[in-house]
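S.K.: my questions concern the predicted model and sequence given below.
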Amino acid sequence: MTTIGKMFQSANWKEEKHVPAIECADQVNAGEIFQVKVSLGKEIAHPNTTEHHIRWIQLYFKPEGDKFAYHIGNFEFTAHGESVDGANQGPVYTNHSVVSEFKTNKAGTLIATSYCNIHGLWENSKEIKVK
């Protein structure tokens, strides 16, 4: 049986342009809103063309000791230079980077997933502590 989890690829985001880089504080205050930035191509640029691009990023938070993760957001990137004049002729190119904010009272793990239209599904995670 094939499961979606087996389709996700992972690596070090500093060496692989498809891996979501998660940037936020390592420790946050309980109940206070904090920012999380997720981007692709932080160290090695990822193409953003009609033919090769990132379509979406999803962000989840799995509290320590909980069975399931909570879906924080789904971020779609839908303009990659397409136009009636042809591929890469359009005036708009979205960038595969997003900033989200949330608060939590529990330590846990942020999980970011992304989809490249050519190279498939990718994931990364980062633990955060709560004081």
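M.R.: Received, thanks.
S.K.: when you work out contacts or count neighbours from here on, use the C-alpha atoms and nothing else.
M.R.: Noted.
S.K.: got the contact list for the residue lying closest to Glu16 once chain neighbours are set aside?
M.R.: Counting by Cα to Cα, 6 or more residues apart in numbering, the nearest residue to Glu16 once its immediate chain neighbours are dropped is Ile44, at 7.0 Å. By Cα atoms under 8 Å, 6 or more residues apart in numbering, Ile44 lies in contact with 14-17.
S.K.: and His96, by the same measure?
M.R.: Residues in contact with His96 (Cα under 8 Å, 6+ apart) are 39-40, 54-57, 77.
S.K.: any chance of the contacts of Ile44 in a markdown table, with secondary structure too?
M.R.: Converted to a markdown table, the contacts of Ile44 look like this (DSSP: H, G, I helix; E, B strand; the rest coil):
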| residue | secondary structure |
| --- | --- |
| Lys14 | coil |
| Glu15 | coil |
| Glu16 | coil |
| Lys17 | coil |
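S.K.: from the residues you listed, which single one is nearest Ile128?
M.R.: Lys14 (19.7 Å; Cα to Cα).
S.K.: ok, the spatially closest residue to Trp56 that is not a sequence neighbour - contacts?
M.R.: Spatially, and ignoring its direct neighbours in sequence, Trp56 is nearest to Glu76 (4.4 Å; Cα to Cα, 6+ apart). Contact analysis of Glu76 by Cα under 8 Å, 6+ apart lists 55-57.
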